[in-house]
Structure formats: C-alpha cells, structure tokens
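A.B. asks: Next one to model:
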Amino acid sequence: MKSAFPPPLNYRQYFAVKALPEPWIMDFLFKEHGFGFDCSSIAELAMARALGAKGDDIIYSSNNTSPEEFAFASKDGGSVLNLDDISFIPLVPVFPKRIFFRLNPGKRITTPEGNVIGDPYYSKYGITYEQIIPAYKAAIQRGATEFGIHIMICSNDLCAKHPVRVARFALDVTAMIFRKLGKKVDRIDIGGGFGIPYKPADRELNIEWVGAEISKLFCGFAAQHGWMPMLMTECGRYLTGPHGILVNPVLHVMQKYRHFIGVAAAMTGCPRPAFYGAYHHADFLTPKGNLRRGPRHFTNIVGPMCEDWDRLTAKSSARECPKCGHIERKNGERLLPWSIREGDISVTGNCAAHSAAMGGTYNWQLLLMALFDQDGTNENTIMIRRAQTMEDLIRPIILPPGVREKLKRMLRS
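C.D. replies: Residues are numbered from 1 along each chain as shown. Sure thing, here's the model as predicted:
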C-alpha cells in the first residue's frame, strides 16, 4: 500500500481496527509500518492509545455516537474526529481544531452490485451532499480551523475504478468548499473497502493502477489550486484478510437429504457466510497433511451450533460461477472431494478480517484461540488469543446464590 501511493502524494494508511482487533497485529502495523488506526468504539480507542497512538495517529469515525464516546475521544491527546451526522456538532464537548465529516454522496456515485454497505442513498452513514456547507459552517463557528472529508461507500470492492471515482468526487467537493467558504480541506480519506479475491476466479485489485490514477488527480488539483490535500485510506480487510486461515477438525461426514461435512467451528470463527452469503475457499487435508483430491460432489460445510445458518458454505450464496466450474450452488452447496473423512483438517482461507472479530457465542459456543506467525517462517508462532473457556463465558453473569460454586466444581472435575 505504501509503495502504491508514493510521493508527491502525502499518504497515510489507518488500519481499520474492527477488521482484526488483535493488539499484536495493531502493534506490528503501527510500530513497524507507521500506520495509524481507524477506530469506531471506546475499546478500540483505548487499545490504540495503549499501544502509543495519539492525536493524528487515530481517526475516530463516530456512528450514532454517545456523549461518553465523544468525551473519551477528546482525552489523552485526542484523536481526529470524523462526524457522521450534522446533529452531532453541538454535542461534542471539546470541539477539536481539526474536524472531518463523513459524506454520503447519495445517488451521485453508483456502487457495484452486491456491495455489502448497500446503496449509499439508503445507508445509515454520513451527512448528505446538501448538508456539506452547513456542516462546515457550524464546525467553524465551534472553533474548527483544519478540515478533512471522508467518503466510503463500498466494502470488499475489486473494481479499481471505484476508489478513483471516490477520490475524484472528494476533490470536487474540496474545491466547492474552498470556493464557497474560503477554507482548505487539507485531508481526504477515501475510506477502506479495497477488496481481496475470495474466490479462485477473482482477480486481485490492481492497487498500483489505483495509486497512479489518484496521484494524477491530486497532482492536477495541486496545479489548479496551489495545494495538495493529504490522502488517507483506512483499509483493514485488504491488509490482513488474505493472511489468516481458520483450521478445523472434521467431526462428522453426514448424509441426510443433502450431504454435510461437520467441522468444529463455523460461525464462531467465520460468520461472514451466514451474515452476507459470503464465499470462503476451503481445502481439506488428511491427518498426515496431504491435500484431499479426486472426484467431487456437492456438499455443505456446517458447524455444531443449534442454528441452521451455522455454515462455512452459505445458504444464500453467490451465483454459480462458470469460471470456477460451478464451485458453489445458489443454495451454498460446494464441490468438494468425496474422499473427505472424519479426522481430516478443514482449512478455510481469507479469515483474518471480519471473521474472528465478528464471531459470537450464540448457543454458548466458545470462541477460538488465535495464533500469529511473527516472521512468516512458522518457527516463531505465538498464541495471541487463548481459547475461551466456559468460566470466561459465565464470569460476567449475575448467578443465583450457590450456582457459581457448583459450576466451578463441575468444571474442575
């Protein structure tokens, strides 16, 4: 990412913490690569600050924000505040000198079919185009002197033209604000949303082309207006998504009206197929580590929850893909080898973003451990999150008298 947006662009990437809120990963990206943090909760803010980030290192994107969040965002060196609604302006207790607004372009920019965020016009995010000038005027009245603009309308987008289109629109809005208010918007955040190839037939996002085209736009703006805004992105999935796998033992191979492969964890480790109908590629290894091959048939990969959506092959799935040899049917069934057996290992790819972070304990299924390979050699792998226990699950619950002690005795036995 850093090489894709070289000088003369003044560029900084802010890691979207929600994609993978693991302190080891955050620390690595902040200290080794100089990335900032895109936070959207008090807990994310607190962790970013504990790792040494402050002020311009953090952009806090408010969304239906409580007074407590605004107060916390202003403490300990503050953060770059990105307001999501014009009504929030009078609610910020300590108004910062630098302020961002998240702009929703409505129908002014088209989005790709299947965009997870949805049509911007119906989205909960951002001020409207008509509110831009009133919003900045109100911020100026509260003492703001430095300004930014944030636009993010897509998620997991593999089309290189879309981030360029967003950057062009943001520059047009920047010129309009300067023309009407005489104020420079000196930072432009085009959000995250850069996609990764989840399916074997998907092509990678051509980020070098994206960077080159955006650089042309920014240089053209600088030639016309005499200054160049800073460019910011806040990618999470693009940075981490391809670099994590969900490893599962195969518990059962079952034949009902349809065929099923039962693994130890699905929604607890990767709920995206259940939430979005998302595709995650899966391979199966024998206990000795050899890849299962041979004749294939349509089957489902399911977890142990008492919930029919607990699957790694989504029920409401993507369309059939001729390029992949009809890898997945519309009902989620996928072509996998007949030779898969109990005791095999399921390896599900692209699970390092919006997977474990979105996992939950419905049905009181326990969350999984996480391992981090620090240098890519597999020789310095450490556990960065231990497996959840039943005691962890019940600790916050107010139990009737005597029940906690009985449960502890049961767990010890």
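
A.B. asks: Quick one: low-confidence residue ranges for this structure.
C.D. replies: Across the chain, the ranges flagged by pLDDT under 70 are 111-118, 316-330.

A.B. asks: With G359 as the reference, measure out to G332.
C.D. replies: For G332, the distance to G359 (Cβ to Cβ, to the nearest Å) stands at 19 Å. Where you see a C-beta, it was placed from the backbone N, CA and C, and this is true even at glycine.

A.B. asks: for Q131, same thing?
C.D. replies: Distance check for Q131 against G359: by Cβ to Cβ, it reads 36 Å.

A.B. asks: again with G193
C.D. replies: Using Cβ to Cβ, G193 is found at 22 Å from G359.

A.B. asks: Neighbour count: those two, which is higher?
C.D. replies: Comparing G193 with G359 by other Cβ atoms under 10 Å, the one with more neighbours is G193, at 26 against 21.

A.B. asks: neighbours around D373, how many?
C.D. replies: A count of neighbours around D373, defined by other Cβ under 10 Å, yields 13.

A.B. asks: Now it: closest residue in space that isn't a chain neighbour?
C.D. replies: In space, and not counting its chain neighbours, D373 is closest to T381: 4.8 Å by Cβ to Cβ, 6 or more residues apart in numbering.

A.B. asks: And A50, by the same measure?
C.D. replies: Taking Cβ to Cβ, 6+ apart, and ignoring the residues beside it in sequence, A50 has P23 as its nearest neighbour in space, at 7.7 Å.

A.B. asks: Distance-wise, check Y14 relative to D38.
C.D. replies: As judged by Cβ to Cβ, Y14 and D38 stand 4 Å apart.

A.B. asks: Mutual contacts of these two, please.
C.D. replies: Taking Cβ atoms under 8 Å, 6 or more residues apart in numbering as the contact rule, Y14 and D38 both touch I59, E234.

A.B. asks: Compare the two (neighbour count), which wins?
C.D. replies: Legend: neighbour count by other Cβ under 10 Å for Y14 and D38, higher for D38 (30 against 27).

A.B. asks: And the helices in the stretch 101-250 of the chain?
C.D. replies: Applying DSSP state H, counting those that start in this stretch to the stretch 101-250 of the chain gives helices spanning 132-141, 161-181, 207-225, 237-240.

A.B. asks: could I get those helices as JSON lines with distance to T268 and mean neighbour count?
C.D. replies: Listed next are the helices of the stretch 101-250 of the chain as JSON lines, based on distance: least, Cβ to Cβ, whole Å; neighbours: other Cβ atoms under 10 Å:
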{"stretch": "helix 132-141", "distance to T268": "41", "mean neighbour count": "16"}
{"stretch": "helix 161-181", "distance to T268": "32", "mean neighbour count": "18"}
{"stretch": "helix 207-225", "distance to T268": "32", "mean neighbour count": "16"}
{"stretch": "helix 237-240", "distance to T268": "19", "mean neighbour count": "24"}
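
A.B. asks: Output the ones you listed in TSV; the columns should cover distance to Q374.
C.D. replies: Shown next, in TSV, are the helices of the stretch 101-250 of the chain (distance: least, Cβ to Cβ, whole Å):
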stretch	distance to Q374
helix 132-141	43
helix 161-181	31
helix 207-225	25
helix 237-240	14
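
A.B. asks: Now for the residue nearest to M267 when sequence neighbours are not counted, how many residues are close by?
C.D. replies: In space, and not counting its chain neighbours, M267 is closest to D310: 4.8 Å by Cβ to Cβ, 6+ apart. Using other Cβ under 10 Å, D310 is surrounded by 20 other residues.

A.B. asks: What separation do you get for the closest residue to I177 other than its chain neighbours and T268?
C.D. replies: Computed as Cβ to Cβ, 6+ apart, the closest residue to I177 that is not its neighbour in sequence is V185, at 5.5 Å. Shown here: V185 relative to T268, a distance of 43 Å by Cβ to Cβ.

A.B. asks: Same question for A356.
C.D. replies: Distance from A356 to T268, counting by Cβ to Cβ: 8 Å.

A.B. asks: which residues do these two both contact?
C.D. replies: With Cβ under 8 Å, 6+ apart, A356 and T268 have common neighbours L367, L368.

A.B. asks: on that earlier part again, my guess is the residue nearest to A50 meets L51, correct?
C.D. replies: Yes: the criterion here is Cβ atoms under 8 Å, and P23 meets it with L51 at 6.7 Å.

A.B. asks: These two: which has the busier surroundings?
C.D. replies: L51 (18 against 14).

A.B. asks: Could you tell me the backbone phi and psi angles at the closest residue to the more buried one other than its chain neighbours?
C.D. replies: Distances taken as Cβ to Cβ, 6+ apart put D27 closest to L51, at 5.2 Å, once the chain neighbours are dropped. Main-chain dihedrals, D27, degrees, to the nearest 10: phi -60, psi -40.

A.B. asks: what about L205, how many neighbours?
C.D. replies: 22.

A.B. asks: Just list the residues touching it, thanks.
C.D. replies: D157, L158, C159, A160, F194, G195, I196, Y238.

A.B. asks: By neighbour count, which of those residues wins?
C.D. replies: Most neighbours among the contacts of L205, by other Cβ under 10 Å: F194, with 26 neighbours.

A.B. asks: Does that one have any beta-bridge partners, and if so which?
C.D. replies: D157 (DSSP bridges).

A.B. asks: State the distance from it to A170.
C.D. replies: Counting by Cβ to Cβ, the separation of F194 from A170 is 16 Å.

A.B. asks: Ok, M358 next?
C.D. replies: 29 Å.

A.B. asks: now A282
C.D. replies: For A282, the distance to A170 - Cβ to Cβ - is 38 Å.

A.B. asks: same thing with D27?
C.D. replies: Per Cβ to Cβ, D27 is found 31 Å from A170.

A.B. asks: Quick one: residues contacting G78.
C.D. replies: Residues in contact with G78, defined by Cβ under 8 Å, 6+ apart, are K54, G55, V94, P96.

A.B. asks: residue contacts, the residue nearest to the first one when sequence neighbours are not counted?
C.D. replies: The spatially closest residue to K54, leaving aside those adjacent along the chain, is G77, at 3.4 Å (Cβ to Cβ, 6+ apart). The contact partners of G77, taken as Cβ under 8 Å, 6+ apart, are R49, K54, G55.

A.B. asks: Looking at neighbours, which among the residues you listed is most surrounded?
C.D. replies: Top of those by neighbour count (other Cβ under 10 Å): R49, with 19 neighbours.
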